[in-house]
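1. pasting the sequence and the predicted model now:
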Amino acid sequence: MLDKGHSLTLLTRGQSADDFGDRVTRLIADRTSSEQLKAVIKSDYDLVVDNMLMNAKEANDMISVMRGRINHFVMTSTLSVYDPKPGALDESDFVATTTYPGAGYQQGKRSAEHALSLAPFGVSIMRIPVIVGPDDYTNRLLTHVTATIENKKLYFPNPDGKFSYLHAQDAARALEWFCTEKPKGVFNIGAPDAWTIRELMDCIGSITKRKFTYGDANDPPSPFGLEEDYYMNVAKAQKAGFQVEALEKWMPSLIEDLAQKT
């Protein structure tokens, strides 16, 4: 966005460095504190992207601060708002109609979506699955590559369950699309195809030239341990103009890059 001449303001706690230098404006605040938000946000903005919005309180705090001062708001939401089911998950499989009880991640994101549905400005909600990439600090995909190379077992409740993935670069492209097009509503964003865990592990084995051995419930659980299908239908985003490449186009090269780090 900076390369296209847009001005950018970052709001963070100021605890991590970035590479933007003096090309951006920085606001230092704790995202979870309404008082700190009110203290530092003084300008009007065309658009706000919130990657850290976790619950209804935080959504309502942002609505209060931004009321009358922005045109559009983008929330990064999650596949986790859905309950798993056989087959692909459409946006209509979860519609935020109320505030959801409980303090967990799923209920928090659901409640945040509901709060934003009442916002006095345009809202886009980007529901994404697991993000993978060469710099993924969670090391979830790397865990599977390393286990295969080192002949270590992992436990999968259902190796034939299908799962959605999104490359980090495509997540960034999606956010740029939301910022540019400002489509209102909820959109699933991910690779258009879903692989079973077995397909993923077969791909890792083919690239590393090692055969993965599946463990049992006594072995370390996989971070991708699915009991049933958990993947999204991305046709709505495709129809609106955003496309992610199929897994076969980028997952093998990513696995190869990760294998070289092991």
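-> The structure has been received and is ready for your questions.
2. and for the residue nearest to Ser117 when sequence neighbours are not counted, the neighbour number?
-> Computed as CB to CB, 6 or more residues apart in numbering, the closest residue to Ser117 that is not its neighbour in sequence is Ala96, at 5.7 Å. Just so you know, the C-beta spots here come from the backbone N, C-alpha and C atoms, and that holds for glycine as well. By other CB atoms under 10 Å, the residues close to Ala96 number 21.
3. and if you look at Val49?
-> Per other CB under 10 Å, the neighbour tally for Val49 reads 19.
4. if I've got this straight, it is in a helix?
-> No. Using DSSP: H, G, I helix; E, B strand; the rest coil, the assignment for Val49 is strand, not a helix.
5. quick check: chain neighbours aside, which residue is closest to it?
-> Using CB to CB, 6+ apart, the closest residue to Val49 is Val74 (4.5 Å).
6. and Ala17, how many residues sit next to it?
-> 6.
7. what are the phi and psi values for it?
-> phi -80, psi 160 (degrees, to the nearest 10).
8. how far away is it from Arg26?
-> Counting by CB to CB, to the nearest Å, the separation of Ala17 from Arg26 is 11 Å.
9. contacts only, for Phe94.
-> By CB atoms under 8 Å, 6 or more residues apart in numbering, the residues touching Phe94 are Val81, Tyr82, Asp83, Arg110.
10. return a PyMOL selection command for the buried portion of these.
-> Restricted to buried positions by 16 or more other CB atoms under 10 Å, the PyMOL selection for the contacts of Phe94 reads:
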select buried, resi 81+82+110
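11. so which of the contacts of Phe94 belong to helices?
-> Arg110 (DSSP state H).
12. need the contacts of Phe94 in TSV (columns: distance to Ser43 and pLDDT).
-> Below are these laid out as TSV (distance: CB to CB, whole Å; pLDDT from 0 to 100):
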residue	distance to Ser43	pLDDT
Val81	31	97
Tyr82	36	97
Asp83	40	95
Arg110	31	97
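13. pull the most distant pair out of the contacts of Phe94.
-> Asp83 and Arg110 (10.5 Å; CB to CB).
14. that older thread, count of neighbours near the residue nearest to Val49?
-> Val74, neighbours per other CB under 10 Å, totals 24.
15. in stretch 159-171, what counts as buried?
-> Applying 16+ other CB under 10 Å to stretch 159-171 flags Pro159, Gly161, Lys162, Phe163, Ser164, Tyr165, Leu166, His167, Asp170, Ala171 as buried.
16. next, the distance between the ends of it.
-> The straight-line separation of the ends of stretch 159-171 (CA to CA, to the nearest Å) is 26 Å.
17. ok now it, how far from the chain's centre?
-> 10 Å (CA atoms, centre = their mean, to the nearest Å).
18. picking that back up, Pro192: which of the buried residues of stretch 159-171 is nearest?
-> The shortest approach to Pro192 among these belongs to Ser164, at 9.6 Å (CB to CB).
19. dump the residue contacts of the closest one.
-> Counted by CB under 8 Å, 6+ apart, Ser164 has contacts Leu79, Pro129, Val130, Gly190, Ala191, Ala194, Tyr230, Tyr231, Met232.
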